[in-house]
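**Q** return atomic coordinates for the entry below.
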Amino acid sequence: MNVVILAAGMGKRMQSALPKVLHALAGKPLLSHVIDTARQLSPTTLCVIYGHGGDTVPALVTAHHQSPDCAISFAQQEPQLGTGHAVMQAIPALSDTVPTLILYGDVPLTNAASLQRLIDSAGTDKLAILTIEMADPSGYGRIVREQGKITRIVEQKDATDAERTISEINTGIMVMPTVPLKKWLAALSNNNAQGEYYLTDIVAQAVADGVEVTSAQPAAAWETLGVNSKVQLAELERIYQRNLANIMLEQGIMLADPNRFDVRGTLTCGHDVSIDVGCIFEGEVALADGVKIDAHCVIKNARIGSNVHIKPFCHIEDTVIGATSIIGPYARLRPGTELAEAVHIGNFVEIKNSQIAANSKANHLTYIGDATIGERVNIGAGTITCNYDGVNKFRTVIEDDVFIGSDTQLIAPVTVGKGATLGAGTTLSTNAPAGKLTVSRARQLTVESWQRPVKIKK
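**A** Below you'll find the predicted structure:
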């Protein structure tokens, strides 16, 4: 099958220099959603028609969507003279031996199953249109039928008063045999209210040529909704997220409020997972059985083990968390963090590019960067690994069963031996031996003759 995706429009109502089809829905561009859906149909040819924004659209598609199974080709529409004119630009890329499916880069929610029904209804020799019934069809092209059969599509601006009462509308998505499509495109005229070449005019040509015109309907009307403004983009975002939330609820995931839940990537969950309000999941996130995510957490590209509890307001990115660990509230786990099982990371603790072994804890106000930490380590409040000298990064090693007192600075590269204790307030610049107490602080002094100053009366 040939697939042509129309993605050349400016989108003036978006009020943005960014091409409309590159605005994000659920964390990825509108056009990317359409390409991913098209790929589910195993097309032999996939051609994207671009225009507004120049090479920005092809550059993004090439960077993120090329596949050895079906390479994407591009055709530029300049100037933009309507949907029919847009499809004309794809003609050199289309194989005559398979049908052609027309999709739109700003219609991101169409399901592959609905498109497959449309394709099946067309077979190899019919023209099939995806249509829906609307209570208020204003602004849409109407499906004109005679004795139940589709004879043409009339656009709103060209419709008579009687035709404007028709409630069945054209979504724009259609499939047809390619050889007659090329013929019909060549015969299009722009003699209409818009002065454009309408793709919909091929329907009347198909009827005149004796090609049967049929239709199919999507499972839901929202599958055909397009984006022409930020308001519509926000509406589709909520539809997408609510649909995903409903699927997860059916799978047994507990969502405190499905209307306050956002996935901008892929979220996979085990059994008995609980997610509170305002959480955002980005990239690839996997939650094992029994994970509990409290309110307002942002989690990106993470694997979280069974029965982990993420307390409120945590930020977690490119991180692995072992089973039964407790994180937060207000913890920040940065890329390269790997926590083993039963690790406790508390409030206002930041960890970067570090590995922490089982049953260790850092519960308060701590920075751990470029460190390897063993089992059963206790890191006191206010501890800092000084991993950066202004030019280079260095590593800190803390072995098993170490106790680090509060307000300690570890100047890397440095190693704290197994079972060692660092006294509170220590600044460690050389290795601390195993099993010993190491303290580095000024001697305490009491000045007996000192008196607190008093305010001078004026």
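
**Q** going forward, measure contacts and count neighbours with C-alpha atoms only.
**A** Fine.

**Q** what about the stretch 51-200 of the chain, any weak spots by pLDDT?
**A** 68 (pLDDT under 70).

**Q** what about Ser114, neighbour count?
**A** Residues lying near Ser114 (other CA atoms under 10 Å) number 17.

**Q** next one: Asn243 from Leu236, what distance?
**A** 10 Å (CA to CA, to the nearest Å).

**Q** which residue of those two possesses the greater neighbour count?
**A** The neighbour comparison of Asn243 against Leu236 (other CA under 10 Å) goes to Leu236, with 22 against 13.

**Q** surely that one is within a helix?
**A** Yes. Under DSSP: H, G, I helix; E, B strand; the rest coil, Leu236 sits within a helix.

**Q** any idea how far it is from Val263?
**A** The spacing between Leu236 and Val263, counted by CA to CA, is 14 Å.

**Q** before we move on, what about Ala432?
**A** 46 Å.

**Q** quick one: the helices in the stretch 101-250 of the chain, in order.
**A** 112-122, 178-186, 202-208, 230-250 (DSSP state H, counting those that start in this stretch).

**Q** I'd like those written out as TSV, with distance to Leu101 added.
**A** Below are the helices of the stretch 101-250 of the chain laid out as TSV (distance: least, CA to CA, whole Å):
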stretch	distance to Leu101
helix 112-122	8
helix 178-186	9
helix 202-208	14
helix 230-250	23
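
**Q** out of these, nearest to Lys12?
**A** Lys12 lies closest, by CA to CA, to one member of the helices of the stretch 101-250 of the chain: helix 230-250, at 10.7 Å.

**Q** by contact count, what packs against that closest one?
**A** Counting contacts by 3 or more CA pairs under 8 Å, 6 or more residues apart in numbering; DSSP states H and E, helix 230-250 packs against strand 24-25, strand 261-269.

**Q** and stretch 260-270, what's buried?
**A** Neighbour-count burial for stretch 260-270, counted by 16 or more other CA atoms under 10 Å, picks out 260-265, 267, 269-270.

**Q** correction: stretch 86-95
**A** Of the residues in stretch 86-95, 86-91, 93-94 count as buried by neighbour count, 16+ other CA under 10 Å.

**Q** give me the contact list for stretch 172-187.
**A** With contacts defined as CA atoms under 8 Å, 6 or more residues apart in numbering, stretch 172-187 is touched by 84-85, 87-88, 91, 94-104, 118-119, 122, 124-130, 199-200, 202, 205-206.

**Q** make a PyMOL selection of the buried ones in the residues you listed.
**A** One line in PyMOL is enough to select the buried members of these, burial here meaning 16+ other CA under 10 Å:
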select buried, resi 84+85+87+88+91+94+96+98+99+100+101+102+103+104+118+119+122+125+126+127+128+129+130+199+200+202+205+206
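
**Q** looking at the contacts of stretch 172-187, which are in strands?
**A** In this view, the contacts of stretch 172-187 that belong to strands under DSSP state E are 100-104, 127-130.

**Q** got the residues you listed as TSV, with distance to Lys149 columns?
**A** Shown next, in TSV, are these (distance: CA to CA, whole Å):
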residue	distance to Lys149
Thr100	22
Leu101	21
Ile102	21
Leu103	23
Tyr104	25
Leu127	12
Ala128	12
Ile129	12
Leu130	14
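
**Q** ok, which pair from these is furthest apart?
**A** Within the ones in strands among the contacts of stretch 172-187, Tyr104 and Leu127 form the most distant pair, 17.4 Å apart (CA to CA).

**Q** so which helix or strand takes in His364?
**A** Element membership for His364 (DSSP states H and E) is strand 361-369.

**Q** now find how far off-centre that strand is within its chain.
**A** Relative to its chain's centre, strand 361-369 lies at 30 Å (CA atoms, centre = their mean, to the nearest Å).

**Q** check which element follows it along the chain.
**A** Going down the chain from strand 361-369, the next helix or strand is strand 371-373, by DSSP H and E.

**Q** that next one packs against which elements?
**A** strand 355-356, strand 396-398.

**Q** quick one: contacts of the shortest one?
**A** Which is strand 355-356. By CA under 8 Å, 6+ apart, strand 355-356 touches 337-340, 343, 371-375.

**Q** re earlier: out of the helices and strands packed on strand 371-373, which comes closest to Thr421?
**A** Closest to Thr421 of the helices and strands packed on strand 371-373, according to CA to CA: strand 396-398, at 10.7 Å.

**Q** my guess is His23 meets Leu30, correct?
**A** Yes. The pair His23 / Leu30 is scored as a contact, 6.1 Å apart, by CA atoms under 8 Å.
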